[in-house]
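Visitor: give me the fold of what follows.
(4 chains)
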4 protein chains.
Amino acid sequence: MIDTFSSAALALCEAGRVLHAQGWVPATSGNFSARVDDQSMAITVSGRHKGRLEADDIMRADFQGRPLTEGKRSSAETLLHAMLYARDPAIGAVLHTHSVNATLLSRGREGELMLEDYELLKAFAGVETHATRLVVPIFANDQDIDRLATKVATYFTQHPPVHGYLIAGHGLYTWGRDIPETLRHIEAFEFLFACELQQARAYPQ
Amino acid sequence: MIDTFSSAALALCEAGRVLHAQGWVPATSGNFSARVDDQSMAITVSGRHKGRLEADDIMRADFQGRPLTEGKRSSAETLLHAMLYARDPAIGAVLHTHSVNATLLSRGREGELMLEDYELLKAFAGVETHATRLVVPIFANDQDIDRLATKVATYFTQHPPVHGYLIAGHGLYTWGRDIPETLRHIEAFEFLFACELQQARAYPQ
Amino acid sequence: MIDTFSSAALALCEAGRVLHAQGWVPATSGNFSARVDDQSMAITVSGRHKGRLEADDIMRADFQGRPLTEGKRSSAETLLHAMLYARDPAIGAVLHTHSVNATLLSRGREGELMLEDYELLKAFAGVETHATRLVVPIFANDQDIDRLATKVATYFTQHPPVHGYLIAGHGLYTWGRDIPETLRHIEAFEFLFACELQQARAYPQ
Amino acid sequence: MIDTFSSAALALCEAGRVLHAQGWVPATSGNFSARVDDQSMAITVSGRHKGRLEADDIMRADFQGRPLTEGKRSSAETLLHAMLYARDPAIGAVLHTHSVNATLLSRGREGELMLEDYELLKAFAGVETHATRLVVPIFANDQDIDRLATKVATYFTQHPPVHGYLIAGHGLYTWGRDIPETLRHIEAFEFLFACELQQARAYPQ
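Guide: Numbers count the residues shown, from 1 in each chain, chains lettered A, B, ... in the order given. Just a heads-up that it's a prediction; the model follows:
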């Protein structure tokens, strides 16, 4: 178990360096986790800089969001990670990023962002053609994470599966079967966000 | 022959790292090939991340697009590579990239993009002055690659030679006598795409 | 004392490399300092390139802005650093950067930039919720640094504490308890500046 | 003499890597030179990729633009370098870059670009205050380099000294007493070009 935790921790540190180099987790924004077993996850400690993570910046928590590593406190948003692992045993990693584009597309909005007619939609597991409409729900930002987690969970039970969601003015949550797949999803979402925003600029309506 | 294949494979892996660092092959988008001999090419295996290619991610295929490496499947778009080598023995490499700018310039369009009055047009083999009009055909995206390859081939027989083409919402195909020349063409195309898009933004009509 | 100065100097050189790689201190713009003790600071020598700083490019000065290292002259803006250390013993570092976005947001303006409804506001020490309004004062540029320092000091005595300020067409001054916290503030400010500017472009009023 | 040439060549190769990493010399665009003595310069060989220069890609030429290295041909634009060294013995390096922003600001234009009210103007040798107006002449592009060089020289004799000029749709020529100062001028020009263009976008008239 310790070995699984250690290698998950190492992989999260490395993912942080990759994501920070892209500018997607500025300052101490973002938080990352990876499943350790069927009851716990490795998750970033609150307030650390995601581009300079060390093993000591990763802790264990259970799927109710409770810390399993003595003396450490995980992100206020731990519950948003925990609920995903608890709901779906196929999820192996959850990465929350905080890019300029995700902020711009979501700020002051609530509802759904529709992504369609992009070849890159095929980067998402299970999508076989560009003639797809990918829905990205946008939830209002809320410092009450229990309430926000309940809202997200309610959405999940009432809609077809999604690959990620936005919190308004706050950023992206996405997940996958492991860290590499989740990084791939972030790359794809960020590409599509850039297209949506630049489209609006180049061809304003 | 094996030596030629191995060195082509290595060079494709390195090209992938260069292109991914520019953001031009996000997620698992893009596919790359290089001629091995007069009947076969080295080409990226389907679904691999182009910024982290290893020798094992490159396979051989013939110019009908059939795999020559046991147990591996190349990209669905293999035929778009194969037809270029089969048509023109001077072509030594074909690189397909997938940038935000190529997507924005091509999405929802079909026809031709005209590039003119740029000094950088001289980066294309055979162009000696900036007072040139470079035509980049844009084809509608199509998951039926046989049909798309036929459309591209028909265009080629009916028009003067081009240096690359766009698939709508999907990206750029370009080629050259070897990988370095093809990388140079991508740099030049991406520069020109950036100019075209930013021109539209800075000076909207 | 020498040890404290030397390690501060080393850390400033490294901060310069990080900030220059982001494009936030082009040419010889910007200047950096760190507190050495309760009467002096380490500060960059005038006119050096901030992305290629060596130990020799850092000198000592007191909190009246007078040089303590023989034969070296610190930036014309030394007083803007000194006044911060003199006012607040909790300040351990002051970094002045000069990005395109800070220039664009401040040029030809005087007054206050309001940043609100961004999750990233929580990156600033003491901010606990995104439902915060962060005020960034903008001062007119002035080659008379004494006069500018007096203007800044007057603002400070008449307003609640701020985390940074802009000089019109010139850039950002921000500070923190140490260099890492100050770098975090710059990352946060630059993220918010990018959002403000791109928001204006994507959704012009 | 050989030593001077060799170290100039090495420094030009390194400058190329720095400039290419910024995207300012895409494909084979740009050309670079440095003074060797009062009659000759080291200059890039025609058609080489400026981000991957080796010693072999640098040759000697005199100030009439004639090659002094057997078997090599320098850029078609050699005369634009040579005339600067011949006119002004204080010039030690000339760098020609080719950025998207320089292209956008100059394309289809002829005349003068005015840069004013930027603190960064102080990065240019001899400028002591931001309250300066920096003039950047823009010349129409011309494949006849003799004619273009004459036009540039005529401008120089009729106007106060400038720090660089643009060729329409083609890029920037700038110079300095050595390569580091010239690189600093490029950083400053590119910063100012970015400001000018983004200003136009954020606040269209």
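Visitor: any stretches of chain A with poor pLDDT?
Guide: A:1-2, A:130-131, A:201-205 (pLDDT under 70).
Visitor: who are the packing partners of the helix ranked longest in chain A?
Guide: Counting by DSSP state H, the longest helix found in chain A is helix A:179-202. Applying 3 or more CB pairs under 8 Å, 6 or more residues apart in numbering or on different chains; DSSP states H and E, we find helix A:179-202 packed against helix A:2-21, strand A:93-97, helix A:100-106, strand A:111-116, strand A:171-176, helix B:100-106, helix B:179-202, helix C:179-202. Glycine gets a C-beta too; all of them are placed from N, C-alpha and C.
Visitor: near chain C at all, stretch A:159-173?
Guide: Yes: Stretch A:159-173 comes into contact with chain C (CB under 8 Å from any CB of the partner chain), by way of A:167, A:169-171.
Visitor: quick check, nearest of these to chain C?
Guide: A:His170 (3.8 Å; CB to the nearest CB).
Visitor: since we're on the closest one, how many residues are nearby?
Guide: Residues within reach of A:His170, counting by other CB atoms under 10 Å in any protein chain shown, total 27.
Visitor: got it, and the one 3 residues further on?
Guide: A count of nearby residues for A:Tyr173, using other CB under 10 Å, gives 22.
Visitor: can you get me the centre-to-centre distance for the longest helix of chain A and its chain?
Guide: Chain-centre distance of helix A:179-202: 13 Å, with CA atoms, centre = their mean, to the nearest Å.
Visitor: okay, the angle between that helix and helix C:179-202?
Guide: Put simply, helix A:179-202 runs at 40 degrees to helix C:179-202, going by axes from the mean of the first three to the mean of the last three CA atoms, to 10 degrees.
Visitor: next, the buried residues of helix A:179-202.
Guide: Under the neighbour-count criterion of 16 or more other CB atoms under 10 Å in any protein chain shown, helix A:179-202 has A:179, A:181-199, A:201-202 buried.
Visitor: quick one: it to strand A:171-176, angle?
Guide: Orientation of helix A:179-202 against strand A:171-176 (the same axes, to 10 degrees) gives an angle of 140 degrees.
Visitor: quick one, what contacts the residue nearest the centre of chain A?
Guide: For chain A, the residue nearest the mean C-alpha position is A:Tyr173 (2.6 Å; CA atoms, centre = their mean). Contact analysis of A:Tyr173 by CB atoms under 8 Å, 6 or more residues apart in numbering or on different chains lists A:80, A:94-96, A:164-167.
Visitor: name the nearest of those relative to chain C.
Guide: Taking these together and measuring to chain C by CB to the nearest CB, the closest member is A:Ile167, at 7.4 Å.
Visitor: touching, that closest one and A:Leu148? I think so.
Guide: Yes: under the criterion of CB atoms under 8 Å, A:Ile167 makes contact with A:Leu148 at 7.3 Å.
Visitor: ok, these two, which is more surrounded?
Guide: Between A:Ile167 and A:Leu148, counting by other CB under 10 Å, A:Ile167 is the more crowded of the two (25 against 19).
Visitor: just to revisit the earlier point, which of the contacts of A:Tyr173 has the most neighbours?
Guide: For those, the largest number of neighbours (other CB under 10 Å) sits with A:Leu95, at 29 neighbours.
Visitor: for that one, give its distance to A:Glu112.
Guide: 21 Å (CB to CB, to the nearest Å).
Visitor: please apply the same query to A:Gln198.
Guide: In terms of CB to CB, A:Gln198 sits 20 Å off from A:Glu112.
Visitor: and what of A:Glu77?
Guide: The separation that A:Glu77 has from A:Glu112, given CB to CB, amounts to 21 Å.
Visitor: neighbour count winner among those two?
Guide: Taking neighbours as other CB under 10 Å, A:Glu77 and A:Glu112 compare with A:Glu77 leading, 23 against 14.
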